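Undergrad: this is the structure alone, sequence omitted:
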DNA sequence: ATTCTTTAGTTTTTT
DNA sequence: ACTAAAGAAT
């Protein structure tokens, strides 16, 4: 017990030992957030205030859930398996899946309902549009997918959506058709998991009461990332803060909310504070991660945002090194410089794994990878395809899904002609028409067909029937193995020249099935229905797509987007591409909300660094096959000058206009901007930084005409991109 | 059914 | 510049 609370600082201790009441913990970057959350749970259990089964902990990723369970197992004197079983720890989606399986009848679902991941959902929508003969130019599937998900996340079924124009009315109709299609096929998408559970609990009072009374404590991690529906879901369990509901313990950081684009509502934090009358918000402001200069820079950046809940990180670690800033002439130059810097760090004894290269968008990784590769520096990139998202795995899973549920049309379409068995587009069309006529699934429509299409499809159906029959007595890994052979998938990839890796992945799927079976066995549940374990395995595959492709353990430099760096920390961080239009991204600068999210993203990036932070930008950059000339990011100017050290000749500051460095003075060793045309009349050149009396600072990005008509195009950032007549415009070199 | 050609769209991502 | 996906030709 004293062990548990030892080494907590004053605020952490206060948060951990709060009396049972609704609580909001504002936890800054590196302030020991996860530690507080897990210690709180352990403390509740150890002091006898709550039994493990009275606790529900919600995270956003499976990784975070696993980590929390591992830490709890180490803190609590009970074996890990028991903790895992009696305490509900998981993602919103994982927990909803568990609830819906337990109460599938009340929720109006098959016991073996399947879960569509985003790609499956998109495929289902495309299939729907095709069946209804809808022009997918007018109704792009992706847009419709977003429309449906956004409405579900707002808690709205198709009948409840208000439509004021024809376009929306049609989309609502398609939403309704989509709902019916999912219903018919016995499948549920991600948003549906949440909405179904919400409606189930709302509608079914005894059930709601049961869970409200069971879960005395609900703890939420990354609360700033919750969407509206998730918040309503929590409110339901807490009985809106009235008697008989759970206590909500929400931990989050409004300054690290970077998922607005996918529905996260930072406003939930304030709403929670108000609606649940959270008396005093506990602020964790001592940072144990970064040196003083880095923190000060982060604070200076984030303070410019409006509507913050307010928080100022501090450290007792001392100022540390200055933040290093570098201006390159081209993106290639920037990458080369980063690589040189890494080489010298490694020479000085740094471990490559402690160095991270961060960027705003994935497109920027290519050039960095290229330079790292040429220099022979091991690196790993986060963000590739994940295991369960691979083509061969999705194919195998589709066969498995068809065994569990023949009405799953998405799975049917995926494998009906893969490997090819002579069921081409025409046969598939005939079948889809028949399914519509008979109002049945594709599988069930096959017997109604005659002719050539009927014959080949009947063969496919009997293949599936045989698969189902022959696997009832098999263990899950045996079943998977059997299906890989009988379906012809193995054979197909054996004959493909690049198929070796895919074959290995298929074997890995059998492995995954073995591991899953072992985990389930330790929870000692007996499943009466054949293929019930299969169904659980499929849910697992949808909900947990596996780790991103990267070899763990190797001493390699880490490359990732700022988004995926959230929650991680490194001794040395390079943040590249700090340019207007890139970071902040041009699509975000139109509205204040968007810009502030970019600023939070910048805040997240800066606070990843423990000891050393490099910021770099480039005068020119190849993007979509064209050279772009960007201004330095406004975020650079938001860092107080005293905290930085420029490794390249410093440019004048935007506001001050006091600079004296010559116009674009290039260190002689560096090559000039590639693709920069010859000097223009008046000595101007593309890529040059200029100042206009009205528009402020800008970069010359193009030129046309000659003599008296010569014009230049200048990117003034905020003030836009303008064509100016050289003979008229009053421009100063910066 | 396979292969070649054209076209559109390239911020961030988990479940 | 590059890719993935849809369309057209074989």
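TA: Received it, and whenever you're ready, just let me know what you need. Keep in mind it's a predicted model, so treat the numbers as computed, not measured. Numbers count the residues shown, from 1 in each chain, chains lettered A, B, ... in the order given.
Undergrad: summarise which helices and strands the longest strand seen in chain A is packed against.
TA: In terms of residue count, the longest strand belonging to chain A (DSSP state E) is strand A:609-623. Packing partners of strand A:609-623 (3 or more Cβ pairs under 8 Å, 6 or more residues apart in numbering; DSSP states H and E): helix A:292-302, strand A:323-330, helix A:331-347, strand A:570-575, strand A:626-629. Placement of C-beta: from N, CA and C, glycine included.
Undergrad: okay, the angle between the longest one and strand A:570-575?
TA: By that I understand helix A:331-347. Between helix A:331-347 and strand A:570-575, the angle comes out at 170 degrees (axes from the mean of the first three to the mean of the last three Cα atoms, to 10 degrees).
Undergrad: for helix A:331-347, what is the distance to the chain centroid?
TA: Distance of helix A:331-347 from its chain centroid, counting by Cα atoms, centre = their mean, to the nearest Å, is 28 Å.
Undergrad: that one vs strand A:323-330, what angle?
TA: Using the same axes, to 10 degrees: helix A:331-347 against strand A:323-330 is 140 degrees.
Undergrad: buried stuff in helix A:331-347?
TA: A:331, A:332, A:333, A:334, A:335, A:336, A:337, A:338, A:339, A:341, A:342, A:345 (16 or more other Cβ atoms under 10 Å).
Undergrad: now do the fourth one
TA: Neighbour-count burial for strand A:570-575 flags A:570, A:572, A:573, A:574, A:575 (criterion: 16+ other Cβ under 10 Å).
Undergrad: tell me which strands that strand pairs with, and in which orientation.
TA: strand A:355-359 (parallel), strand A:609-623 (parallel) (DSSP bridges).
Undergrad: cool, the last one as well?
TA: Each strand paired with strand A:626-629, and its direction, by DSSP bridges: strand A:609-623 (antiparallel).
Undergrad: tell me which helix or strand of chain A sits lowest on mean pLDDT?
TA: The weakest-scoring helix or strand in chain A, judged by mean pLDDT, DSSP states H and E, is helix A:80-86 (a mean of 63).
Undergrad: give me every residue in chain A lying close to DNA strand B.
TA: When proximity is defined as Cβ under 7 Å from any atom of the strand, chain A approaches DNA strand B at A:60-63, A:91-94, A:117-118, A:140, A:190, A:258-259, A:261-262, A:360-363, A:383, A:417, A:420-425, A:543-545, A:548, A:560-561, A:563-564, A:585, A:587-588, A:624.
Undergrad: circling back: what's the next secondary structure element after the least confident helix or strand of chain A?
TA: The helix or strand immediately downstream of helix A:80-86 is strand A:88-91, counting by DSSP states H and E.
Undergrad: ok, residues contacting that next one?
TA: For strand A:88-91, contacts defined as Cβ atoms under 8 Å, 6 or more residues apart in numbering pick out A:55-62, A:65, A:68-69, A:72, A:95, A:98, A:215, A:543.
Undergrad: which of those residues fall within helices?
TA: Of the contacts of strand A:88-91, the ones assigned to helices by DSSP state H are A:62, A:65, A:68, A:69, A:72, A:95, A:98, A:543.
Undergrad: any idea how many residues pack against the fourth one?
TA: Spelled out, that is residue A:69. Per other Cβ atoms under 10 Å, the neighbour tally for residue A:69 reads 19.
Undergrad: how many neighbours does the spatially closest residue to it that is not a sequence neighbour have?
TA: Spatial nearest neighbour of residue A:69, chain neighbours left out: residue A:89 (5.4 Å); criterion: Cβ to Cβ, 6 or more residues apart in numbering. Residue A:89 has 24 neighbours, counted by other Cβ under 10 Å.
Undergrad: just residue A:110 next, same as before
TA: 16.
Undergrad: that one reaches residue A:184, doesn't it?
TA: No: the pair residue A:110 and residue A:184 fails to qualify as a contact (Cβ atoms under 8 Å) at a distance of 11.0 Å.
Undergrad: show me what residue of chain A gets nearest to DNA strand C.
TA: Proximity of chain A to DNA strand C (Cβ to the nearest atom of the strand) peaks at residue A:625, 2.7 Å away.
Undergrad: over to that residue: give its phi and psi.
TA: When read as degrees, to the nearest 10, the backbone of residue A:625 gives phi 80, psi 10.
Undergrad: so what's it up against?
TA: So residue A:625 contacts nothing (Cβ under 8 Å, 6+ apart).
Undergrad: follow-up on the earlier one: mind listing which of the residues of chain A next to DNA strand B are in helices?
TA: A:62, A:63, A:92, A:93, A:94, A:118, A:190, A:425, A:543, A:563, A:564.
Undergrad: which parts of chain A sit against DNA strand C?
TA: Checking chain A against DNA strand C by Cβ under 7 Å from any atom of the strand, the hits are A:126, A:622, A:624, A:625.
Undergrad: show me the contacts for the second one.
TA: Put plainly, it is residue A:622. Listed by Cβ under 8 Å, 6+ apart, the contact set of residue A:622 reads A:331, A:367, A:628.
Undergrad: tell me the least confident of those residues?
TA: Among the contacts of residue A:622, residue A:628 carries the lowest pLDDT, at 89.
Undergrad: could you measure from that one over to residue A:503?
TA: Per Cβ to Cβ, to the nearest Å, residue A:628 is found 43 Å from residue A:503.
Undergrad: quickly find the element holding residue A:251.
TA: For residue A:251, the enclosing helix or strand under DSSP H and E is strand A:247-252.
Undergrad: please pull up the helix or strand immediately following that strand.
TA: Next along from strand A:247-252, by DSSP H and E: helix A:267-275.
Undergrad: and that following helix, what other elements does it pack with?
TA: Counting by 3+ Cβ pairs under 8 Å, 6+ apart, helix A:267-275 packs on strand A:23-27, helix A:228-237, strand A:247-252.
Undergrad: list of residues touching whichever helix or strand comes after the first one?
TA: Scanning the chain past strand A:23-27 towards its C-terminal end, the next helix or strand to appear is helix A:33-46 (assignment: DSSP H and E). With contact meaning Cβ under 8 Å, 6+ apart, helix A:33-46 is reached by A:1, A:4-5, A:8, A:12, A:15-18, A:25, A:27, A:49-52, A:55, A:57, A:64, A:67-68, A:71-72, A:75-76, A:87, A:217, A:219, A:221, A:249, A:251, A:253, A:284.
Undergrad: hmm, which of the residues you listed are the buried ones?
TA: Using 16+ other Cβ under 10 Å as the burial test, those include A:4, A:8, A:12, A:15-16, A:18, A:25, A:27, A:50, A:52, A:55, A:57, A:64, A:67-68, A:71-72, A:75-76, A:87, A:217, A:219, A:221, A:249, A:251, A:253, A:284 as buried.
Undergrad: how far off centre is stretch A:52-71?
TA: 18 Å.
Undergrad: can you give me the end-to-end span of it?
TA: 15 Å (Cα to Cα, to the nearest Å).
Undergrad: and residue A:621, what are its bridge partners?
TA: Beta bridges link residue A:621 to residue A:628, judged by DSSP bridges.
Undergrad: contact partners for it?
TA: A:330, A:331, A:577, A:579, A:582, A:627, A:628, A:630.
Undergrad: show me the contacts for the fourth one.
TA: Residue A:579 makes contact with A:617, A:618, A:621, A:630, A:631, A:632, A:633, according to Cβ under 8 Å, 6+ apart.
Undergrad: grab the nearest non-local neighbour of it.
TA: Closest residue to residue A:579 apart from its sequence neighbours, by Cβ to Cβ, 6+ apart: residue A:630 at 3.7 Å.
Undergrad: rewinding a little: could you export the strands paired with strand A:570-575 as JSON lines, including distance to residue A:102 and mean pLDDT?
TA: Shown next, in JSON lines, are the strands paired with strand A:570-575 (distance: least, Cβ to Cβ, whole Å; pLDDT from 0 to 100):
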{"stretch": "strand A:355-359", "distance to residue A:102": "42", "mean pLDDT": "96"}
{"stretch": "strand A:609-623", "distance to residue A:102": "44", "mean pLDDT": "95"}
